[in-house]
Each structure stands twice: as C-alpha cells, then as structure tokens.
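**Q** Just need the structure, nothing else, for what follows:
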Amino acid sequence: MRRPNFFIVGAPRCGTTSMYSYLRQHPEIHVSVHKEPHFFGSDLTPLPGAIREEALYLELFAGAGDRPRAGESSVWYLLSEKAAGEIHAYAPEARIIILLRNPQEMVHSLHSLYTRTGNEDLPGFAEALAAEPERRAGRRIPPGAYFPEGLLYTGVGRYAAQVERYFTAFGRENVLCILFDDMVRDTAAVYRQALEHLGVDPRFEAELDPGRAGERARMQAIRQLTRTSPEVRRRLQFKDMRQHEGGPRSPLPAADAARLRDLFAEDVARLGALLGRDLGAWTRGERLSGRREARAVDDEALVGPGADHAGGSRDLDLEAEQAALRHLHQPDADRDLLARPGGADMADVDMGADGGLPRREKGLDGGEAGVLDQADHARGREDALQVGGSHVGSDPVDRLMGQAAAEHVGGHDG
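**A** A predicted model of the protein is given here:
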C-alpha cells in the first residue's frame, strides 16, 4: 500500500492547520483526512484518536492514486525524541515541514488551549510554569490529562534540539523550517516555498483566505470520509477532550514575558544558528523582519481573546489543530473576527476563526451548507466537545457520511 512521503511534524500552535489546508488543495498532493494520526513517536503518550496500527494508518493514504505527494500533519512528532528516526526508517525519502513560532507566544497559547480541553488544571500560566519541576517528576499531573508531556511548556518551546533531530535524520536539504512570522507577512511566498520543497508545481494558486481555505478542506474531506473504514471514522470521534467554559486569555504580564524571553534566549540563538537566521527579535519581544514590509497584524486576534476565547465557541481548534468547527447553533460565531479591519490573517484558521464567513459569501446552497456543518462535527477532534452540556457531533458518523455521499460536492478530492 502507498506510504506517506511528506510530513508536517509541528510545532503546535504555529500554523500547521493553515499549511495543511493550503497543501491539500494542490492537485499533486494527497493529505490524510485524519490530520493528526500520530502514528510515530512511540516515546509519547498516545493521544486520543491516535492511529498506531499500520493497516489503519496506510488506509489514510489509499486515495492518493498517482499523486507525487501523500502526507499527514502530526504536531507532536517534533517534540518526540524517537519520531524523527521512526519516520526515517519508515519513509527514508520523505520531505519534512516544520513550523515554528516565537516560543513565548506558542507556550502561552498552548496553556490557554489546555485549560479548555482538560489537559491543564492550573488556570494561571505563571502557576503552570512554576509547576514544571514537579510535573517533570510525575507529580501535579491533572487527573484528566490526556497528554502530560505537553504540560512541560518550556520543553515544548525549546525547538533547537527538536529541529536538529530532523536535520540529522533526513539531511538539511529535506527539511523545510517555516517561521510563523513569515507566514503572516507573506503567505503566498511561503506557500510557494513549501510546494517547491515538495517538488510539485509551485505555480498552483491555492485559496489562501483562511476561512475559504478551511471550507475547501472540509468539502474535500467529505468525499474522503465516505471511502474511509468505520474504524478510522470511529477514531475521529474520540471523547477524551472536553470544551470547558472560559473567559478571554489574559495578556501575558510584562514581567513574565521578559522572564520567558530570558529563559528561551539561549535556545533561540542556537535555533537561529541552525537555520542561518537572526532570531534576535524574538528575544526582544518583536516580530521578525523580512524582505517585505510586514503588513498590519492584529495580534490580539491572533493570540488574544479573538483567538483563545472559549466561552463564545470561537476557538474550537483543539489539540490536533484540526480545522475549526462551529457550534451547531452559532455558524457565524467568528464573523466579527474575520470582519475586522484589514481582513483575516492566514493564521486565523489555526486560531479557530475559519468558520466565520457568512454562508452567503461562501456561495453554498442550503443543502451543501447543512452537509458541511454535519461533516465538520464528524471528522475531527472537535466532534467530542461538550458545548452547552451536550456532545457536538453525537450523530453517528456513518449516517452523516451517507448523507454527505448523496450530496454533489465539487472540487478536487485532496
């Protein structure tokens, strides 16, 4: 059976869902309908919904046909000490894509996510950082934690050794590192760079608006799901994570931000040397500069309340960073975010904003919109969320996929 030959390996909260949704539009690329199967990384706790059986894993790529590239995107492959070697042993010619973000921003966003999904029971970020020594010793782990390794936030944010493992396993020429700041500044250029790295036609023009790209990804996923075995669909309906109510994520206090910058400074310098890139702006609390003038970015929308506010069902982008799904009764919950001055940034898909475009702007008829809404809740981690006390996506997947199969859905089946 067809094996994958490219992998987006992380890091979390760094734009992997956006890149996943852009790549899957390309006619020469097939991506797994299960964005994060986490087949590799035997040293890590198996995440809810993980696929560790080879036969089921290979099923994810059965529809690739003769496309040159088939791949998946599991964000914890980067943290794992074993995944790089395991992937290389399984697919030695694979191409690797790594996405990285200022570690200070990433770990703060990760903590906010975990307080809503039940992996974290310490609501204060400073308190969670202070608990790391005990957690490293196996103490103060929340009873409901589904991925305790992620609670060692500062370890997750030290990228240099993680990147180095992939350089060693695959060679630098086969590993592309993409910086979140560059994606925000020039999405199209970064996308072309990824296509060139994968050896597919870089002239293809994908939909790079985050909301519309997310819709395309879901429409393609409907057809993939109709040809997926019941067992794989069952894995996509795990119930280990719950959506908890919560207010807006509090801004990181200046003193804590400065402490984190100092904490990560040595590793940031090491990473910069590995990448041949001056990353000093990260240790100054600034965005990286580039050849093009950075366009205005609403940081509050990317990493603040607009991104991480759970109470209004805005951010349903959970551990796997699957495409954001809407509350059944709030299909336009993110409209205000996407309608902000300047439009939506590419990163909004990862921040849970891709559901905000009004249906009339998407050009979907009522039947297509209904199928998408239902398929959304059948295909990813978010289908097990508790919103308002009941499971979103409680309808059987087989019935939903039967309905989806009966609908005419256009577009390339990526």
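
**Q** List the residues that contact the closest residue to residue 157 other than its chain neighbours.
**A** Nearest residue to residue 157 in three dimensions, chain neighbours excluded: residue 103, at 3.3 Å (Cβ to Cβ, 6 or more residues apart in numbering). For every residue, glycine as well, the C-beta is placed using N, CA and C. Counting by Cβ atoms under 8 Å, 6 or more residues apart in numbering, residue 103 touches 157-159, 260, 264, 267-268, 282.

**Q** likewise residue 158?
**A** Residue 158 makes contact with 103, 264, 267, according to Cβ under 8 Å, 6+ apart.

**Q** Dump those residues to CSV, plus pLDDT, distance to residue 96 and secondary structure.
**A** Shown next, in CSV, are the contacts of residue 158 (pLDDT from 0 to 100; distance: Cβ to Cβ, whole Å; DSSP: H, G, I helix; E, B strand; the rest coil):
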residue, pLDDT, distance to residue 96, secondary structure
103, 97, 20, helix
264, 98, 23, helix
267, 98, 20, helix
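
**Q** so residue 225 touches residue 59, yeah?
**A** No - distance between residue 225 and residue 59: 12.0 Å, which falls outside the contact criterion (Cβ atoms under 8 Å).

**Q** Tabulate the CA atom coordinates of stretch 35-52 in CSV.
**A** Provided in CSV are the C-alpha atoms of stretch 35-52 (Å, rounded to 0.1, in the frame of the first residue of the first chain):
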residue,chain,number,x,y,z
LYS,A,35,-4.9,15.4,10.2
GLU,A,36,-3.0,14.1,13.2
PRO,A,37,-2.9,10.3,13.4
HIS,A,38,0.3,10.4,15.5
PHE,A,39,1.4,7.0,14.2
PHE,A,40,5.0,7.7,15.1
GLY,A,41,6.5,8.9,18.4
SER,A,42,6.5,5.8,20.4
ASP,A,43,8.1,7.6,23.4
LEU,A,44,5.0,9.8,23.8
THR,A,45,1.6,9.1,25.4
PRO,A,46,-0.8,8.1,22.6
LEU,A,47,-3.1,11.0,22.0
PRO,A,48,-6.9,10.5,21.9
GLY,A,49,-7.8,9.3,18.4
ALA,A,50,-4.2,8.3,17.5
ILE,A,51,-3.8,5.5,14.9
ARG,A,52,-0.9,3.2,15.9
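
**Q** So what's the model's average confidence on it?
**A** Averaging pLDDT along stretch 35-52 gives 94.

**Q** element containing the residue lying closest to residue 231 once chain neighbours are set aside?
**A** Ranked by Cβ to Cβ, 6+ apart and with sequence neighbours excluded, the top spatial neighbour of residue 231 is residue 56, at 6.1 Å. Using DSSP states H and E, residue 56 sits within helix 54-59.

**Q** The helix or strand following that helix: which residues count as buried?
**A** The helix or strand immediately downstream of helix 54-59 is strand 69-73, counting by DSSP H and E. With burial defined by 16 or more other Cβ atoms under 10 Å, the residues of strand 69-73 counted as buried are 69-73.
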